[in-house]
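Peer 1: Let me see the structure of the following:
(2 chains)
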There are 2 protein chains.
Amino acid sequence: MAEPLETPEDLTRLRLDIAYDGTNFQGWAKQPGIRTVQGELEGALATIFRRHGETPILTVAGRTDAGVHATGQVAHLDLTSPQLRHLAAPHGRGASAVEPSTTSVGPALAKRINGIAGLKSDVYVSRVAVAPPGFDARFSPTWRRYEYRLADAGAQRNPLLRGHTVWYPATLDLEAMNSAALQLLGLHDWAAYCRPRPGATTIRELQEFAWGRDSTGVLVARLQADAFCHSMVRALVGATVSVGQGKLAVDRLAGIRDESRRTSEFKVMPAAGLTLVEVGYPDAAGLAARAEQTRARRDAGGAHLTE
Amino acid sequence: MAEPLETPEDLTRLRLDIAYDGTNFQGWAKQPGIRTVQGELEGALATIFRRHGETPILTVAGRTDAGVHATGQVAHLDLTSPQLRHLAAPHGRGASAVEPSTTSVGPALAKRINGIAGLKSDVYVSRVAVAPPGFDARFSPTWRRYEYRLADAGAQRNPLLRGHTVWYPATLDLEAMNSAALQLLGLHDWAAYCRPRPGATTIRELQEFAWGRDSTGVLVARLQADAFCHSMVRALVGATVSVGQGKLAVDRLAGIRDESRRTSEFKVMPAAGLTLVEVGYPDAAGLAARAEQTRARRDAGGAHLTE
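Peer 2: Model (predicted):
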């Protein structure tokens, strides 16, 4: 290691707000030899800090699957003092001698990452700022919100939006879909709607699930939960689509959930329609408490947070 | 020719509403060996009518340039009776013996074209219907409307929309841009804002030109005119952007227009931000009169309708 070992107290945590078109990424999580969002961003960080110690690692709020998009993804990283000073220095002139201001460091890092990614890039860092004390991108969130876009036969099909909208050949019954969605809300075991992962809990609170049509008739589902287990959003969307087609009864979806085992009565919908739109964090006062609480839960049950 | 020559009275005119992502098209107009929207659609028509006479030719409302998009493009084509009967017949079973209903023919043609283009296509025919008497996609319109999307430094940059949004590295002064745009409205000679084309008039009525920010802060210009001459929309957008940057005075744009010659004081903006969103037609009563009037104007002055 080029830098001496530092205690966490010596590190400065930055929050990154990130948007990406997931089409050409194999998801968020870094994998050798495969293009992923984390891999792309950490590659840029490696370039930026190549002469300033170890490359910072990103910790993310929602580990999206291959093909899933984000407009409101959040991640954090920890920088050493030499790394902070490097950011504050004029580009290419080495580390600044003066202590960097905490407000200038974030925009400087965003600019450098986006500069490496390029103007036409499918990933964009919309904001970087010093995180408040106790902030943890993965463990602090109180909720995650996703949207799913589906153009059925009742919608206008706009080729400009085809990268994040799924075409559907029939007209779906919006009212039936919303009745079914409403019955699903609350704190439940979602094992029937999750792809199993060892040690990961499937107990989640579904706080919002509603379908609407936008001004062009495209069906847009809004789903919010404390966290979603693996493939849960796309399974819930697929189950309501089966209801909208008349293939499943409105009250069958809660029944499937309560039987707690996977079923073939509905299809998990394609990743292309799914976008992580927002992650909710407590205010500064609640942050430290929240991080402690989530960490304890993970140690007890393994809150493997995905999607 | 496989079909006997028919008089126009034997033909049925269909109106097509078309949307496309212009990114991978070299514009609307057919050119040998180059991928264009007209070429792509007429290729599908050639397949559909391969055993039913000459391939119908598309006449379009707005001949968009390379890279320009459309959500509300309009075109027409004329079909012979055998072609109509072929559309009304079950797929692949030859022409129907019964006279086709005029309401079923349009959806049948839309379905076949979109079936050939495929679900993930960058061009989509949103509607086909028998046109009212006197309808001419090119000569009937009373107005065309375009939008231009520009994400300046004050906007959120959404990679999902990067295909039809231009990134701009500075923050632009919306109020100054709108003051300049407002001064441009009306019936004028736009030669200073047009790429010259032999025999094409540059006298146009600019009916609307206003910038706003959408919910994500992206600057969106709305421009409406009876018709636009070549590259006029992107020149007007570029001129107001120069004003928004403070490089040109608010009242200079009308001055440039009235000097009636091309200038290097502003840049023509990239095609990627531009979308043809709607074409306005008179009601049935006004259609025939309008077509006559426009044809007469063309014969006199050459209304070479582009963009």
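Peer 1: which ones are touching A:Arg13?
Peer 2: For A:Arg13, the contact set (Cβ atoms under 8 Å, 6 or more residues apart in numbering or on different chains) comprises A:76-79, A:130-131, A:135. Heads up, the C-betas are built off the backbone N, CA and C, glycines and all.
Peer 1: I'd like to know how many residues surround the nearest residue to it once chain neighbours are set aside.
Peer 2: Distances taken as Cβ to Cβ, 6 or more residues apart in numbering or on different chains put A:Ala131 closest to A:Arg13, at 4.3 Å, once the chain neighbours are dropped. Residues within reach of A:Ala131, counting by other Cβ atoms under 10 Å in any protein chain shown, total 23.
Peer 1: circling back to that earlier point, among the contacts of A:Arg13, name the ones in helices.
Peer 2: Assignment to helices by DSSP state H places none of those there.
Peer 1: pLDDT for those residues - can I get that in JSON lines?
Peer 2: Putting the contacts of A:Arg13 into JSON lines (pLDDT from 0 to 100) gives the following:
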{"residue": "A:His76", "pLDDT": "98"}
{"residue": "A:Leu77", "pLDDT": "98"}
{"residue": "A:Asp78", "pLDDT": "97"}
{"residue": "A:Leu79", "pLDDT": "96"}
{"residue": "A:Val130", "pLDDT": "95"}
{"residue": "A:Ala131", "pLDDT": "95"}
{"residue": "A:Phe135", "pLDDT": "94"}
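Peer 1: residue contacts, the residue nearest to A:Arg13?
Peer 2: Applying Cβ under 8 Å, 6+ apart, the residues near A:Ala131 are A:13-15, A:76.
Peer 1: do that again at 10 Å, thanks
Peer 2: A:12-16, A:74, A:76-78, A:106, A:137, A:140, A:281, A:284, A:287 (Cβ atoms under 10 Å, 6 or more residues apart in numbering or on different chains).
Peer 1: Would you check which pair of those residues lies furthest apart?
Peer 2: A:Leu77 and A:Ala284 (19.4 Å; Cβ to Cβ).
Peer 1: More neighbours: these two, which one.
Peer 2: Each of A:Leu77 and A:Ala284 has its neighbours counted (other Cβ under 10 Å); A:Leu77 has more, 23 against 12.
Peer 1: from what I can see the more buried one touches A:Ile48, true?
Peer 2: No: assessed by Cβ atoms under 10 Å, A:Leu77 is found out of contact with A:Ile48, at 11.1 Å.
Peer 1: on that earlier part again, phi, psi of the residue nearest to A:Arg13?
Peer 2: Note on A:Ala131: its backbone torsions stand at phi -80, psi 150 [degrees, to the nearest 10].
Peer 1: Distance check, it against A:Ala284.
Peer 2: A:Ala131 is 10 Å from A:Ala284, where distance means Cβ to Cβ, to the nearest Å.
Peer 1: Can I have the buried ones of the contacts of A:Ala131 as a PyMOL selection?
Peer 2: In PyMOL, this line selects whichever of these come out buried by 16 or more other Cβ atoms under 10 Å in any protein chain shown:
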select buried, chain A and resi 12+13+14+15+16+74+76+77+78+106+137+140+281+287
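Peer 1: which one in the contacts of A:Ala131 is the model shakiest on?
Peer 2: Within the contacts of A:Ala131, the minimum per-residue pLDDT falls on A:Ala284 (82).
Peer 1: Find me the pLDDT at the nearest residue to it once chain neighbours are set aside, would you?
Peer 2: Nearest residue to A:Ala284 in three dimensions, chain neighbours excluded: A:Pro132, at 4.5 Å (Cβ to Cβ, 6+ apart). We have a pLDDT of 93 for A:Pro132.
Peer 1: Assess the claim that A:Pro132 and A:Ala288 are in contact.
Peer 2: Yes: in this structure A:Pro132 lies within contact range of A:Ala288 using Cβ under 10 Å: 9.1 Å.
Peer 1: Quickly list what's touching both of these two.
Peer 2: Overlap of the contact sets of A:Pro132 and A:Ala288 (by Cβ under 10 Å, 6+ apart) consists of A:140, A:282.
Peer 1: Show me where chain A has its strands.
Peer 2: For chain A, applying DSSP state E gives strands covering A:12-20, A:59-60, A:69-79, A:123-130, A:143-151, A:166-167, A:186-189, A:203-213, A:219-225, A:274-280.
Peer 1: Comparing those strands, which stretch has the densest surroundings?
Peer 2: For the strands of chain A, the largest average neighbour count (mean count of other Cβ atoms under 10 Å in any protein chain shown) is found in strand A:69-79, namely a mean of 24.
Peer 1: Stretch A:179-197: how far from the chain's middle?
Peer 2: 19 Å (Cα atoms, centre = their mean, to the nearest Å).
Peer 1: Rounded mean pLDDT for that stretch, please.
Peer 2: Mean predicted lDDT for stretch A:179-197 stands at 94.
Peer 1: can you dump the C-alpha coordinates of that stretch into PDB?
Peer 2: The C-alpha coordinates for stretch A:179-197 follow below in PDB (Å, rounded to 0.1, in the frame of the first residue of the first chain):
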ATOM      1  CA  SER A 179     -56.800  -3.700  -6.500                       C
ATOM      2  CA  ALA A 180     -54.300  -6.600  -6.400                       C
ATOM      3  CA  ALA A 181     -51.400  -4.300  -5.600                       C
ATOM      4  CA  LEU A 182     -53.200  -2.600  -2.800                       C
ATOM      5  CA  GLN A 183     -53.900  -6.000  -1.100                       C
ATOM      6  CA  LEU A 184     -50.100  -6.700  -1.000                       C
ATOM      7  CA  LEU A 185     -49.000  -3.700   1.100                       C
ATOM      8  CA  GLY A 186     -47.500  -4.100   4.500                       C
ATOM      9  CA  LEU A 187     -44.900  -6.100   6.400                       C
ATOM     10  CA  HIS A 188     -44.800  -9.700   5.100                       C
ATOM     11  CA  ASP A 189     -42.600 -12.600   4.200                       C
ATOM     12  CA  TRP A 190     -42.000 -12.300   0.500                       C
ATOM     13  CA  ALA A 191     -40.300 -15.600  -0.100                       C
ATOM     14  CA  ALA A 192     -42.800 -16.500  -2.900                       C
ATOM     15  CA  TYR A 193     -41.700 -13.300  -4.800                       C
ATOM     16  CA  CYS A 194     -38.000 -13.500  -4.200                       C
ATOM     17  CA  ARG A 195     -35.200 -15.400  -5.800                       C
ATOM     18  CA  PRO A 196     -33.600 -17.100  -2.800                       C
ATOM     19  CA  ARG A 197     -30.200 -16.000  -1.600                       C
END
